[in-house]
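Enquirer: My questions are about this predicted structure, shown below with the sequence.
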Amino acid sequence: MAAPEESPPRVVLDTNLFIAAFWNRQSASAAILRACLEGRVRIFYTRQIRREIFFILDNIRASTQYRQFVESVLESGTEVSAPGTLRVVTDDPDDDKFLECARIAEAGYLVTSDEHLLRMGRFEGAQIVKPSQFR
C-alpha cells in the first residue's frame, strides 16, 4: 500500500519576499516563489496583500515579465477574505494583514524578512521564518 501523499505546506508570503526575488532571481525568496508555482508550496494571500505587492512592484518599476510571473504565482494559490480587524503588531500595524491571512488560511508558515514579525517567532499555528529558513 502506498504511503499517503503529504500535502504541500501552507504559506503566507510577506511583500518583501516578492521584492527580494525581483532583485535576486537566485535568492531563497525566488526559490520559494518557484516552489509555489510548481505546487510544492501552497500560497495564501488576501486582496490587501495582493494590492500591496503590485503597488511596490510599480514603485520599483518591476518588469512586465516579472509582474506576470508574480501574477502566475498568486493565481496558483488561494485568495482568502480577511476583515482587516486583527491588531497585534503595535510597532507596525500594517504587518497585521499577514498575521490575519495566516490565521484565516491556517498556514503553517509566514515567510518574511520583517523584524517586527520575525521577533514573534510564531503566531497561532504559523511559524514565522526568514526565506532562508523556510524548508
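Expert: Ah, there it is. Numbers count the residues shown, from 1 in each chain.
Enquirer: contacts for the helix or strand of the chain with the lowest mean pLDDT?
Expert: Of all helical and strand segments in the chain, the minimum by mean pLDDT, DSSP states H and E falls on helix 115-118, at a mean of 90. With Cβ atoms under 8 Å, 6 or more residues apart in numbering as the test, helix 115-118 has contacts from 14, 89, 91, 92, 95, 98, 99, 110, 112, 128, 129, 130. C-betas here are computed from N, CA, C, even on glycine.
Enquirer: Tell me how far the fifth one lies from residue 66.
Expert: This points to residue 95. Distance of residue 95 to residue 66, computed by Cβ to Cβ, to the nearest Å: 24 Å.
Enquirer: Which of these two has more residues huddled nearby?
Expert: Taking other Cβ atoms under 10 Å, residue 95 and residue 66 do not tie; residue 95 has more neighbours (20 against 15).
Enquirer: my read is the more buried one is in a helix, agree?
Expert: Yes. The assignment for residue 95 (DSSP: H, G, I helix; E, B strand; the rest coil) places it in a helix.
Enquirer: That one and residue 8, how far apart?
Expert: Counting by Cβ to Cβ, the gap between residue 95 and residue 8 amounts to 25 Å.
Enquirer: and what of residue 94?
Expert: Where residue 8 is concerned, residue 94 sits at a distance of 28 Å (Cβ to Cβ).
Enquirer: out of the two, which sits in the more crowded spot?
Expert: For residue 94 and residue 8, the more surrounded residue by other Cβ under 10 Å is residue 8, and the numbers stand at 15 against 12.
Enquirer: which residues pair with the nearest residue to that one once chain neighbours are set aside across the strands?
Expert: Leaving aside its chain neighbours, residue 8 sits nearest to residue 42 (4.6 Å; criterion: Cβ to Cβ, 6 or more residues apart in numbering). Here residue 42 sits in beta bridges with residue 10, going by DSSP bridges.
Enquirer: Help me confirm that residue 42 comes into contact with residue 13.
Expert: No. Under the criterion of Cβ atoms under 8 Å, residue 42 is not in contact with residue 13, lying 11.1 Å apart.
Enquirer: which residues do the two both contact?
Expert: Taking Cβ under 8 Å, 6+ apart as the contact definition, residue 42 and residue 13 share the neighbouring residues residue 36.
Enquirer: Okay then, goodbye and thanks.
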